[in-house]
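Peer 1: Need the 3D shape of this:
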Amino acid sequence: MVSFRDYLRECLNPLRSQLGSRFQGHDYLTEVILMMASYQEEGTDLFPVVFLADSMDHFKNHLGAREMVLVGEGQPCRETFIRAFKLCAPLAEDRLWAVYILLEEQGIRYGIFRSDSSPLSPSVFERLRGLKAPGTSIVGLTRLGGNFVEIRTSLGQHKYVNVASSDEDDYHPGQVIRDFVDSVCSDVSDSVRPLLKSFYQRFGMDVLHGSHGSLIAIIRKGEKIPEILEDGVPLNPPISIVASIEGIINGSDDRDAYLRLFSYGQLLRKLTWMDGITILDTEGCILAFNCFIKTSAYRAEDSIIGGARRRAYGHMQTSVPGVLAGCLYKSQDGHIEFKGDRCGLRSS
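Peer 2: Model prediction:
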């Protein structure tokens, strides 16, 4: 009989074989992946980020780790990894802190480190996604959504593991968020786009990991809010994330400027937690929230789509041609989809 654990171990062997000697001979990765895939505390799904490396300098030099907080140490055995995860994971579920596991010659040390919390900086896992550093051995693990875990190494290798029964090709929450980010940042200048993408990548992951359902419409820059969505709260003037970013680029590099962006991120999360549709545009502006489709706009066939949020998501895709650039839907149980004019339907 072959267990899933055995199957997963075999799938990870090609990735593990390229890493340093301390990653060989012990099944570190399989154990952590299986714990992460369905991790909960008191019935609530949590989404910590975990990094393993064979040198403390790797955490600091390549991941920008700050304030390393040692939690414990032990022998390289299954019990130590379980203890490390159970003690550290609840402390790192907000992604401002990350779990580290340091593989040393005589044993293992583990703890948490603070990552760069600036809304304009790549998250610590985004740093790893862009890293290709021969001679290093860093492995990062992040739970994207549901039972879906992404594994990345500092050598540029990656693998996705879906512990659920869904087919992996149809279940890729990370790609859904990337398509959303591409759409909401599509009409900004090249000088601002990377920073705006960092802002919305962080926000998108918060939507993905949130316990609330969300529905976000992205309309093209310069277009008016469609009539069917006018039953809501427009922001006048809209909140321009780009203007705040440009203020920092042009020299307003002070504490208040960064706090303003951080506050906008927190506000946007709260807007999307409310009932109704949050409306953005392709320049990253926040235009309105708590919007509902007028009852008179629904067609007879819309009633068979599903719940209210799902029905609104389906209706918008066909009712505002030329205005809507994309729409992000997330159910309360974690299912997420994005439909955009550049990528078609992405779902998980």
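
Peer 1: How many residues are close by the closest residue in space to F4 that isn't next to it in sequence?
Peer 2: Leaving out its chain neighbours, the residue that sits closest to F4 by C-beta to C-beta, 6 or more residues apart in numbering is V163, at 7.6 Å. Backbone N, C-alpha and C define where each C-beta goes, glycine included. Neighbour count of V163, defined by other C-beta atoms under 10 Å: 17.

Peer 1: What ranges does the stretch 151-300 of the chain have for its helices?
Peer 2: 173-184, 193-209, 241-249, 255-273 (DSSP state H, counting those that start in this stretch).

Peer 1: Pop out the phi and psi values for L103.
Peer 2: Note on L103: backbone dihedrals following degrees, to the nearest 10 are phi -90, psi 110.

Peer 1: So which helix or strand of the chain has the lowest pLDDT on average?
Peer 2: One helix or strand of the chain scores below all others by mean pLDDT, DSSP states H and E: strand 344-347, with a mean of 45.

Peer 1: hang on, the earlier thing: in JSON lines, list the helices of the stretch 151-300 of the chain along with mean neighbour count and distance to I108.
Peer 2: JSON lines is the format used below for those (neighbours: other C-beta atoms under 10 Å; distance: least, C-beta to C-beta, whole Å):
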{"stretch": "helix 173-184", "mean neighbour count": "23", "distance to I108": "28"}
{"stretch": "helix 193-209", "mean neighbour count": "21", "distance to I108": "27"}
{"stretch": "helix 241-249", "mean neighbour count": "19", "distance to I108": "40"}
{"stretch": "helix 255-273", "mean neighbour count": "15", "distance to I108": "34"}
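
Peer 1: right, and the ones you listed - which one's nearest L70?
Peer 2: Nearest to L70, of all the helices of the stretch 151-300 of the chain, is helix 193-209, at 26.6 Å by C-beta to C-beta.

Peer 1: how big is the angle separating that closest one from helix 241-249?
Peer 2: 130 degrees (axes from the mean of the first three to the mean of the last three C-alpha atoms, to 10 degrees).

Peer 1: And helix 193-209, what does it pack against?
Peer 2: Packed against helix 193-209 by the contact rule (3 or more C-beta pairs under 8 Å, 6 or more residues apart in numbering; DSSP states H and E) you find strand 138-145, helix 173-184, helix 241-249, helix 255-273, strand 324-330.

Peer 1: coming back round to it: my read is that the residue nearest to F4 contacts S38, right?
Peer 2: Yes. Between V163 and S38 there is a contact at 6.9 Å, judged by C-beta atoms under 8 Å.

Peer 1: Quick one, grab the pLDDT at the residue nearest to F4.
Peer 2: At V163, the pLDDT value in this model is 79.

Peer 1: residues contacting it?
Peer 2: V163 is in contact with F4, I33, L34, A37, S38, N147, F148, V149, counting by C-beta atoms under 8 Å, 6 or more residues apart in numbering.

Peer 1: picking up where we left off before, could you dump the helices of the stretch 151-300 of the chain into JSON lines with mean pLDDT added?
Peer 2: Listed next are the helices of the stretch 151-300 of the chain as JSON lines, based on pLDDT from 0 to 100:
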{"stretch": "helix 173-184", "mean pLDDT": "90"}
{"stretch": "helix 193-209", "mean pLDDT": "90"}
{"stretch": "helix 241-249", "mean pLDDT": "86"}
{"stretch": "helix 255-273", "mean pLDDT": "86"}
